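Asks: Okay, sequence plus prediction incoming.
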Protein chains: 2
Amino acid sequence: MLSDAMKFCSNCGSPVALRVPPGDTLPRYVCDSCSTIHYRNPLMVIGSIPEWEDCVLLCKRAIEPRSGLWTLPAGFMELGETTAQAALRETLEEATARIELGELFTLLSVPQVNQVHLFYRAKLLDLDFSPGYESLDVALFRESEIPWKEIAFRTISTTLRHFYADRKDGRFRVHAGEILQSERRVDATP
Amino acid sequence: MLSDAMKFCSNCGSPVALRVPPGDTLPRYVCDSCSTIHYRNPLMVIGSIPEWEDCVLLCKRAIEPRSGLWTLPAGFMELGETTAQAALRETLEEATARIELGELFTLLSVPQVNQVHLFYRAKLLDLDFSPGYESLDVALFRESEIPWKEIAFRTISTTLRHFYADRKDGRFRVHAGEILQSERRVDATP
């Protein structure tokens, strides 16, 4: 939960202590020198499901974790942007791909790593894509070609499974859920 | 964007510099002493729309910002929890109210303050609610009784407007969007 331990106050540089502040219920890093309480919160990872005809675009990761495995274009949301802007930017950065963003599709909590992953449906606007600096390869896959055993993260395989199930049903809806610890363990042993 | 300026490295206590790291595109706080790059990302605020018959539960804020104005129960997502758990916890903390969580309803980016607000529909399980330590009052409101001019945040009024529009249509769907700067300015001048 507090894996990236804070040692010093980012405001005054003094050592911090981990304890429950008055009126609070959870331990926080607190600075007794300047009285700053340093809150830490989950991060959002945002991406898209770029479609072209009956294919979906996937990126082969060039960086850890899970380098060499396939993912939908996604990454950490930046300050000052909306979730939609984050999805567009990450798709451009990882696949140099231009998309028209569609509806919100999945919202998946991953409490073990303090993340929430969010994916939008999207239409690929042209075939002029290529690996961005965090990708080794970018390619279009039909459903039968998806490399299910080489998918980088459980949120990606969950999103793709919902996508194909909904496409078969002829109706796309929003899927909100979570990736459980047990599932993650299975996922971590490919 | 970087309002809470970082001055010292939380890992080693040395002064940090704000610059674009090699291979990156945005300025980050970097430590030349221990080489740590300190990323900063938007935060999630999560809440519920607790329903009882034709009423919705609102909380009168006891804390800044917007103390004395009305809000849906909501707050910052904590490490180690899911978005659904955050909605349940915040509703219990702010209104001591027990709910059965329903579907995801709104996902609203507020880029000016680096936040994403997310609300779930919910059923209030009983009438044994009361103000939590961050609330002055908690009450049930029919649509005609909603204090529209005393709503604390634009994400709350937007969520309530979508809620009543969908209820009238007889069909609830997920609303993803953003609160724009101009709207926020209007909202900030009640």
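Replies: Happy to help now that I have it. Numbering: from 1, shown residues only, chains lettered A, B, ... in the order given.
Asks: Give me the residues contacting the top helix by length along chain A.
Replies: When chain A is parsed with DSSP state H, its longest helix is helix A:154-169. If you take Cβ atoms under 8 Å, 6 or more residues apart in numbering or on different chains as the criterion, helix A:154-169 is touched by A:45, A:49, A:56, A:70-72, A:74, A:105-106, A:108, A:110, A:117, A:119, A:121, A:143, A:146, A:148, A:151, A:172-173, A:175, A:177, A:179, A:183-184, A:187. Every C-beta, even on glycine, is put in place using the N, C-alpha and C of the backbone.
Asks: And those, which of them are buried?
Replies: By neighbour count, with 16 or more other Cβ atoms under 10 Å in any protein chain shown, the contacts of helix A:154-169 hold A:45, A:49, A:56, A:70-72, A:74, A:105-106, A:108, A:110, A:117, A:119, A:121, A:146, A:151, A:175, A:177, A:179, A:184, A:187 as buried.
Asks: Quickly find the element holding the residue nearest to the spatial centre of chain A.
Replies: When Cα atoms, centre = their mean is applied to chain A, the residue found nearest the centroid is A:V45 (3.0 Å). Here A:V45, judged by DSSP states H and E, is contained in strand A:43-52.
Asks: And chain B, is that strand touching that?
Replies: Yes. Strand A:43-52 comes into contact with chain B (Cβ under 8 Å from any Cβ of the partner chain), by way of A:43-44.
Asks: What pairs with that strand, parallel or antiparallel?
Replies: Paired strands of strand A:43-52, with direction, are strand A:55-61 (antiparallel), strand A:74-76 (antiparallel), strand A:115-124 (parallel) (DSSP bridges).
Asks: what's next to the second one, contact-wise?
Replies: The contact list for strand A:74-76, computed with Cβ under 8 Å, 6+ apart, reads A:43-48, A:86-87, A:90, A:93-94, A:117, A:119, A:134, A:156, B:39, B:41.
Asks: Buried members of these into PyMOL, please.
Replies: In PyMOL syntax, the buried subset of the contacts of strand A:74-76 is picked out as below (16+ other Cβ under 10 Å):
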select buried, (chain A and resi 43+44+45+46+47+48+86+87+90+93+94+117+119+134+156) or (chain B and resi 41)
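Asks: which stretches of chain A have low pLDDT?
Replies: For chain A, applying pLDDT under 70 flags the ranges A:1-4, A:182-190.
Asks: one more time with 50, if that's ok
Replies: A:1-3, A:183-190 (pLDDT under 50).
Asks: Name the single longest strand found in it.
Replies: Identified as the longest strand of chain A according to DSSP state E is strand A:99-110.
Asks: Does chain B have contacts with that strand?
Replies: Yes. Counting by Cβ under 8 Å from any Cβ, chain B is contacted by strand A:99-110 at A:103-104, A:107, A:109.
Asks: Roughly how far does the residue lying farthest from the centre of chain A sit from B:Q181?
Replies: Of all residues in chain A, A:S33 has its C-alpha farthest from the mean position, at 36.4 Å, by Cα atoms, centre = their mean. Relative to B:Q181, A:S33 is positioned 36 Å away (Cβ to Cβ, to the nearest Å).
Asks: same question, A:T158
Replies: Plainly put, A:T158 is 35 Å away from B:Q181 if you go by Cβ to Cβ.
Asks: hang on, isn't A:V56 packed against A:S48?
Replies: No. A:V56 is beyond contact range of A:S48, at 9.9 Å (criterion: Cβ atoms under 8 Å).
Asks: which residues do these two both contact?
Replies: A:L72.
Asks: On the three-state scheme, A:Q85 is what?
Replies: Secondary structure, DSSP: H, G, I helix; E, B strand; the rest coil: A:Q85 is helix.
Asks: again, but for the one 3 residues further on
Replies: Here A:L88 is helix, with the state taken from three-state DSSP.
Asks: number of nearby residues for it?
Replies: By other Cβ atoms under 10 Å in any protein chain shown, 21 other residues sit near A:L88.
Asks: who's in contact with the residue nearest to the centre of chain A?
Replies: Contacts for A:V45 were tallied using Cβ under 8 Å, 6+ apart; they are A:74-77, A:115-118, A:155.
Asks: try 6 Å
Replies: Neighbour list for A:V45: A:74, A:76, A:115, A:117 [criterion: Cβ atoms under 6 Å, 6 or more residues apart in numbering or on different chains].
Asks: The first one and chain B, how far apart?
Replies: When you say that, I think you mean A:A74. According to Cβ to the nearest Cβ, to the nearest Å, A:A74 and chain B sit 14 Å apart.
Asks: give me the beta-bridge partners of that residue?
Replies: Under the criterion used here (DSSP bridges), A:A74 is bridged to A:G47.
Asks: want to try CSV for the strands paired with strand A:43-52, with distance to A:P22 as columns?
Replies: What follows is these, written out as CSV (distance: least, Cβ to Cβ, whole Å):
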stretch, distance to A:P22
strand A:55-61, 44
strand A:74-76, 33
strand A:115-124, 29
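Asks: Residues touching stretch A:103-118, excluding its own?
Replies: A:42-46, A:119-121, A:155, A:159, A:174-179, A:181, A:184, B:79-83, B:176.
Asks: That'll do, ta.
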